[in-house]
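**Student:** Need a 3D model of the sequence below.
(one chain, ligands or ions: 1)
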Amino acid sequence: MKKPVFGSGWKMFLTDKEAMNYAQRLKENIPGEQDAELFVLPSFTAVERVTAILAGTDINVGVQNMCWEEKGAFTGEVSVLSLKEMAVKYVEIGHSERRTLFGETDRTVNLKIGKAMEHGLVPIFCMGEELQEKEKNLAKELLSIEIKNALHGIPYADAKKIIYAYEPVWAIGMEDSAQPDYAQEILGFIRQLLAQIYGRSEGTEFTVVYGGSVSLKNVEKLISQPDIDGVFVGRASLSIESYMEMLDIIKDSWSKKVKKQRGDDEN
Ligand code: PGA
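**Tutor:** Below you'll find the model as predicted:
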């Protein structure tokens, strides 16, 4: 059975020392098995030490980027081979900050997804429309192009392992998230599109999550939407109190949703 996803992207908010302190607090507060798929994404320099601290917990560690090639003249890049040596499990690919600030394109996103999958890493594939695209009612068209480009040549067996993170650019780093019904509409669309691309009927096997100003005040409503399998959180996951509270809300809201869906199925 599916568990809700709770991903925490640390961006460049924490120094290595801060990241290690935070990981230590997570370990103390979240021991043992969890009814949620948890991952944190520290900076590269902190990954190995954060992984060591979180060993034995149910919190997995990932990175925020990687190169599409394994070796060669790629100054400043990080190879998937090094990530494997560090036992990294997840890799974030195509975040809007990588796209707008560092020149990530649909083409490199596609190459990176392929390379990550070849080596058994789970890509967290981020996508989302800009405000002007939303205002012109072009979000779905834009997302179709992003998704089809990103998945070009990726077989179904791999595609169903990816975490699809819908992160509208206009909602990242803001006061509030997208409206939950809007997020639901778009994530439902993404699920259907994935099903259509791979010739499936419903697409329930795909994991689709929402990101962009998720906070304690909106997370419950977001998780309770039928097509939202989890959340990907930046700032609001960077304090231990907020993280713990959010995790409780996610688990609670998820179990209510599952019960409701079961009830609906029986009727
Ligand atoms: P935010 O970041 O939660 O701070 O808006 C989300 C993200 O960029 O994934």
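
**Student:** per-residue pLDDT, the closest residue in space to Glu175 that isn't next to it in sequence?
**Tutor:** Excluding the flanking residues, the one nearest Glu175 by CB to CB, 6 or more residues apart in numbering is Ser213, at 6.7 Å. C-beta: built from backbone N, CA, C; applies to glycine. On pLDDT, Ser213 comes in at 95.

**Student:** Look up phi and psi at Ser213.
**Tutor:** phi 60, psi 40 (degrees, to the nearest 10).

**Student:** Just give me the neighbour total for it.
**Tutor:** 21 (other CB atoms under 10 Å).

**Student:** show me the contacts for it.
**Tutor:** Contacts for Ser213 were tallied using CB atoms under 8 Å, 6 or more residues apart in numbering; they are 171-177, 235-236.

**Student:** residues in the chain within reach of the ligand, list them.
**Tutor:** 9, 167, 172-173, 211-214, 232-236 (CB under 6 Å from any ligand atom).

**Student:** Look up how far the ligand lies from the closest residue to Val80 other than its chain neighbours.
**Tutor:** Sequence neighbours aside, His119 is the residue nearest to Val80 in space, at 4.9 Å (criterion: CB to CB, 6+ apart). Remark: distance between His119 and the ligand (CB to the nearest ligand atom, to the nearest Å) = 23 Å.

**Student:** give me the residue from the stretch 151-267 of the chain nearest the ligand.
**Tutor:** Closest residue of the stretch 151-267 of the chain to the ligand, CB to the nearest ligand atom: Gly234 (2.5 Å).

**Student:** can you check the stretch 1-150 of the chain too?
**Tutor:** For the stretch 1-150 of the chain, CB to the nearest ligand atom, closest residue to the ligand: Gly9, 4.7 Å.
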